[in-house]
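Trainee: Sequence first, predicted model second:
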Amino acid sequence: MDIEPGPLSVPTWHVVVPVKGRSGAKTRLVPPPGVDRGELALAMACDALVALRRVVPVDRVVVVTSDAGLAASVRAAGAHVVADPGTGLVPAVEAGLAVLPLHVDRAVLLGDLPALRSDELAAALSAGGGQERSFVADRGDTGTTLLLARAGTPHDVHFGTGSAAAHAAAGYRPLALEVPSLRTDVDDADDLRAAVSLGCGPATTALLPDAVCSP
Ligand SMILES: Nc1nc2c(ncn2[C@@H]2O[C@H](COP(=O)(O)OP(=O)(O)OP(=O)(O)O)[C@@H](O)[C@H]2O)c(=O)[nH]1
Ligand SMILES: C=C(OP(=O)(O)O)C(=O)O
């Protein structure tokens with residue numbers, strides 16, 4: 001999180017990132033032997049946050065979490081922390097959005113994107129600037145990884161199973177972009193392999209045994 005903003009900066013978006021605490025995180029993901037699931041979930045979120053930080057000024061980042069360690073490092077970096085209401089993903093996202101005024105562009109980026117690349121995120125945020133409401137679907141086209149609403153347009157959040165269709169039904173336009181790192185959310189071991197083949201960030205890579213990182 002101590003990375004200076006680079007030339008990719010897309011300054012108009014404020015971005016909410018929900019990150020579950022260690023316990024109860026990523027229950028569908030069977031981690032490689034010897035890897036703690038909660039630590040892996042947090043590492044993936046850290047890699048996503050570092051990529052985000054290269055694109056958006058840190059004081060426009062809002063992390064919703066109950067994890068004290070993550071909250072402390074996020075605050076130290078200059079981003080905002082909102083306490084997790086503890087009632088699931090949608091309430092967590094809504095709690096983050098609630099601290100942002102309607103008159104700014106507001107994005108929600110999920111935190112399970114360990115291979116996220118700044119240039120792909122910047123491309124999506126730029127494309128979202130052309131729509132009132134838009135989203136990026138996950139690689140299976142069923143979930144949502146990035147949800148965007150321009151200034152003045154309220155969000156209508158439907159994260160969870162089948163969220164891509166739900167967001168489309170709510171009037172969000174799908175952004176058809178070549179952004180594999182932004183579409184590769186990690187729910188299970190197959191997703192983790194896909195993320196590794198794209199190249200995970202350093203926090204995730206450091207946790208994974210060499211066998212997982214080898215082709
Ligand atoms: N703050 C917060 N973030 C959440 C919550 N539920 C999910 N998230 C985050 O939202 C993103 C996508 O969530 P999921 O894929 O449902 O993750 P998960 O609940 O850890 O995984 P499963 O247990 O396998 O469903 C991840 O970054 C999670 O950390 C929640 O209740 N609170
Ligand atoms: C959180 C979502 O689903 P999944 O956990 O299946 O990625 C979603 O796409 O809104």
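Mentor: Happy to help now that I have it. Numbering: from 1, shown residues only. Ligands and ions are numbered 1, 2, ... in the order given.

Trainee: Can you give me the first-to-last residue distance of stretch 52-61?
Mentor: 8 Å (CA to CA, to the nearest Å).

Trainee: Over it, what's the mean pLDDT, rounded is fine.
Mentor: For stretch 52-61, mean pLDDT is 96.

Trainee: now the strands for the chain?
Mentor: Assigned by DSSP state E, the strands in the chain fall at 13-19, 61-65, 80-83, 105-109, 133-137, 144-149, 173-174.

Trainee: Just give me how far the fifth one sits from the chain centre.
Mentor: Going back to what we said before, that points to strand 133-137. Here strand 133-137 is found 13 Å from its chain centre; the criterion is CA atoms, centre = their mean, to the nearest Å.

Trainee: ok, now the fourth one?
Mentor: Averaging C-alpha positions (CA atoms, centre = their mean) puts strand 105-109 10 Å from its chain's average.

Trainee: That one: partners in the sheet, and parallel or antiparallel?
Mentor: The strands beside strand 105-109 in its sheet (DSSP bridges) come out as strand 13-19 (parallel), strand 144-149 (antiparallel).

Trainee: what does the longest one contact?
Mentor: So the one you mean is strand 13-19. Residues outside strand 13-19 that contact it (CB atoms under 8 Å, 6 or more residues apart in numbering) are 41-42, 45, 48-49, 52, 56, 60-65, 67, 70, 84, 89, 92-93, 96-97, 100, 104-111, 125, 128, 148. In short, each C-beta sits where N, CA and C put it, glycine included.

Trainee: residues from this structure in reach of ligand 2?
Mentor: Contact residues, the chain versus ligand 2 (CB under 6 Å from any ligand atom): 89, 138, 143-144, 159-161, 163, 185, 187.
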